[in-house]
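1. coordinates for the following, if possible.
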Amino acid sequence: MGLEARQAALRTLDGVLREKRMLAHLPGDTRLSPADQARAARLASLVLRHLGPLDACIAPYLDRKPPLPALMILRLAAAELLVAGEDAHGVVDSAVTLAKRGKGTARMAGMVNAVLRKLAVEGPDRFAHEAPQRLPGWIAGPVKKRWGAETLRAIEAAHLPLPPIDLTLKPGAAPDLPGATRLPTGSLRLPAGTQVTALPGYDTGAFWVQDAAAALPVRLLGDVAGLRVLDLCAAPGGKTLQLSALGADVTALDLSPSRMARVEQNLARTGLSATRVTGDALDHDAPAYDAILLDAPCTATGTIRRHPDLPHVKPWTEVEPLTRLQMQLIDHALGLLKPGGRLVFCTCSLLPVEGEFQVTAALKRHEGLRVIPADAPALGGDSAWHSPEGGLRLRPDLWPDLGGIDGFYMACLTRP
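-> Predicted coordinates:
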């Protein structure tokens, strides 16, 4: 039972760990039933969230590291045994069958059987003492330097559970969503795994999926009703929808035609409107805007709890070109802003170089530029979110009793 889902999970893990491709870029297997597709995704995610501890539990039972296909089978079965707590007999039999199916793993079926039988008996105690999956050094280093080792470990622990699903409601909408809780910031939170498209109100556009952290930057702009607002790097469109719903005259700009198509789909479903422009943000030229929202391209290290593949795929070499692009985008956006207008700069990153440091550097580059201090409690947040330069810093270890929140940085800039 479940062999096809497990086989699909192995293909997914191969795409991430060997080919270094993000989950979102891997093709789906249309031969599988929706239930098997969902199970395969859950299994792959389980392995990626616990890869280091799983390997540490498997290693004592190996004389030497096996070839990657056999190791993948062991990792998958270990995740089912040690994390999901599945029945040992079924997991071991399935893993052995998968090994026998593979051309390069058939001769290792006996080893797989022996290792997993030992792991089923001795592994749970060993796994319970393993530390959470560690972040790679290029993420862990800056996080530890900024907030300390204790916060780093808390962030790593916050990446382990499946995250809940947050919704932003269209003003006036009040769908009946069983199991939903209202967060202090106003977002609705649903349990992990909720099928959003089946919820009442989805087809009529009463809400859209948007992490509670991602819903805050628009609120830093204040009252936008009747204002010309530019949403730079707009896809997939959550902030565009917010701005339109609040009465702004929105221009949504994104470089990717496929991602802009998602913005169009979301606008159509919710019955909201925006001017849509596909092109390079650095080439955009238009009459000055009253306000600009710049959700800049970044390493997305604040979203690892939603994208456990990211630390296994993203290289540290992306940081420098992204920070250079962010600097250029801030400078260009300021050139598109009316005097006295507001620019909100934000990134879904844990790295200060993509957040706090960018704002501090912009203040030095642009005479008269200042930060409008954010008021976290007024937004439903906590004063601990305040950053020294006046922005907000959110981390995955915050709100542990509410289910956590994505890592995000945001600041509102203005100049006379």
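2. alpha carbons only for contacts and neighbour counts from here, please
-> Noted.
3. nearest residue to the most centrally placed residue in the chain other than its sequence neighbours?
-> For the chain, the residue nearest the mean C-alpha position is T303 (2.7 Å; Cα atoms, centre = their mean). Spatially, and ignoring its direct neighbours in sequence, T303 is nearest to D406 (5.5 Å; Cα to Cα, 6 or more residues apart in numbering).
4. pretty sure that neighbour sits against D211.
-> Yes. The pair D406 and D211 qualifies as a contact (Cα atoms under 8 Å) at a distance of 7.0 Å.
5. who has more neighbours, these two?
-> The neighbour count for D406 versus D211, taken as other Cα atoms under 10 Å, is higher for D406 (27 against 22).
6. pLDDT (mean, whole number) over the longest helix along the chain?
-> Of all the segments of type helix in the chain, defined by DSSP state H, the longest one is helix 109-128. Average pLDDT, helix 109-128: 95.
7. and the closest residue to L169 other than its chain neighbours, how far is that from L232?
-> Leaving aside its chain neighbours, L169 sits nearest to F207 (4.3 Å; criterion: Cα to Cα, 6+ apart). Taking Cα to Cα, to the nearest Å as the measure, F207 falls 22 Å from L232.
8. burial check on the nearest residue to Q7 once chain neighbours are set aside, number of neighbours?
-> Leaving aside its sequence neighbours, Q7 sits nearest to L98 (Cα to Cα, 6+ apart; 7.3 Å). Number of residues near L98 (other Cα under 10 Å) recorded here: 21.
9. do E320 as well
-> Residues near E320, counting by other Cα under 10 Å, number 12.
10. for the residue nearest to the centre of the chain, list the residues it contacts.
-> 348-349, 406-407 (Cα atoms under 8 Å, 6 or more residues apart in numbering).
11. mean confidence score for stretch 359-376?
-> The average pLDDT for stretch 359-376 rounds to 97.
12. swap in stretch 248-265?
-> For stretch 248-265, the per-residue pLDDT averages 95.
13. what does it rub up against?
-> The contact list for stretch 248-265 (Cα under 8 Å, 6+ apart) reads 224-237, 240, 243-244, 273-281.
14. for it, measure first residue to last.
-> With Cα to Cα as the measure, stretch 248-265 spans 19 Å from end to end.
15. that older thread, want to try TSV for the contacts of T303, with pLDDT as columns?
-> Shown next, in TSV, are these (pLDDT from 0 to 100):
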residue	pLDDT
C348	98
S349	98
D406	97
G407	98
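16. and those residues as CSV, adding secondary structure and distance to A180?
-> Formatted as CSV, these follow (DSSP: H, G, I helix; E, B strand; the rest coil; distance: Cα to Cα, whole Å):
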residue, secondary structure, distance to A180
C348, coil, 24
S349, coil, 27
D406, coil, 18
G407, coil, 22
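17. give me every residue that touches the closest residue to D166 other than its chain neighbours.
-> Excluding its sequence neighbours, the residue lying closest to D166 (Cα to Cα, 6+ apart) is R189, at 4.5 Å. Listed by Cα under 8 Å, 6+ apart, the contact set of R189 reads 164-167, 180-183.
18. picking that back up, and the residue nearest to L169, how many neighbours does it have?
-> F207 has 27 neighbours, counted by other Cα under 10 Å.
19. check whether it really touches K170, as I assumed.
-> Yes. Taking Cα under 8 Å as the definition, F207 is a contact partner of K170 at 5.5 Å.
20. and the strands in the stretch 101-250 of the chain?
-> Along the stretch 101-250 of the chain, counting by DSSP state E, counting those that start in this stretch, strands occupy 165-169, 181-182, 188-190, 207-209, 228-232, 249-254.
21. so how far is the third one from its chain's centroid?
-> Meaning strand 188-190. 16 Å (Cα atoms, centre = their mean, to the nearest Å).
22. direction included, what does that strand pair up with?
-> strand 165-169 (antiparallel), strand 181-182 (antiparallel) (DSSP bridges).
23. so which of these comes closest to Q326?
-> Comparison of the strands paired with strand 188-190 against Q326 by Cα to Cα identifies strand 165-169 as nearest, at 26.6 Å.
24. quick one: contacts of that closest one?
-> The contact list for strand 165-169 (Cα under 8 Å, 6+ apart) reads 186-194, 206-212, 215.
25. can we see that at 6 Å?
-> With contacts defined as Cα atoms under 6 Å, 6 or more residues apart in numbering, strand 165-169 is touched by 187-190, 192, 207-211.
26. got the CA coordinates for that strand in CSV?
-> The C-alpha trace of strand 165-169 is given here as CSV (Å, rounded to 0.1, in the frame of the first residue of the first chain):
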residue,chain,number,x,y,z
ILE,A,165,-2.5,28.5,6.4
ASP,A,166,-3.2,32.2,6.8
LEU,A,167,-5.9,34.0,4.9
THR,A,168,-6.6,37.7,4.2
LEU,A,169,-10.3,38.5,4.0
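27. buried ones in it, by neighbour count?
-> Residues 165-169 are the ones in strand 165-169 that count as buried (16 or more other Cα atoms under 10 Å).
28. and stretch 344-363, by the same measure?
-> Buried, per 16+ other Cα under 10 Å, within stretch 344-363: 344-356, 358-360, 362-363.
29. pLDDT weak spots in the protein?
-> 1 (pLDDT under 70).
30. any idea where the helices of it begin and end?
-> With DSSP H as the criterion, the chain has helices at 3-17, 34-49, 51-58, 68-78, 88-101, 109-128, 137-147, 149-158, 217-220, 238-245, 257-270, 310-313, 319-335, 356-365.
31. how many neighbours does H25 have?
-> By other Cα under 10 Å, neighbour count at H25 equals 9.
32. OK, contacts around it?
-> Listed by Cα under 6 Å, 6+ apart, H25 has no contact partners.
33. just use 46 as the starting number from now, easier for me
-> Yep, numbering from 46; the last one is H70 now.
34. how near is the nearest residue to M117 once chain neighbours are set aside to G224?
-> Nearest non-adjacent residue to M117, counting by Cα to Cα, 6+ apart: L55, 6.6 Å away. Using Cα to Cα, L55 is found at 33 Å from G224.
35. go on, L327?
-> The value you get for L327 to G224, if Cα to Cα is used, is 43 Å.
36. which one's more surrounded, these two?
-> Set side by side, L327 and G224 show more neighbours around L327, with 15 against 10, by other Cα under 10 Å.
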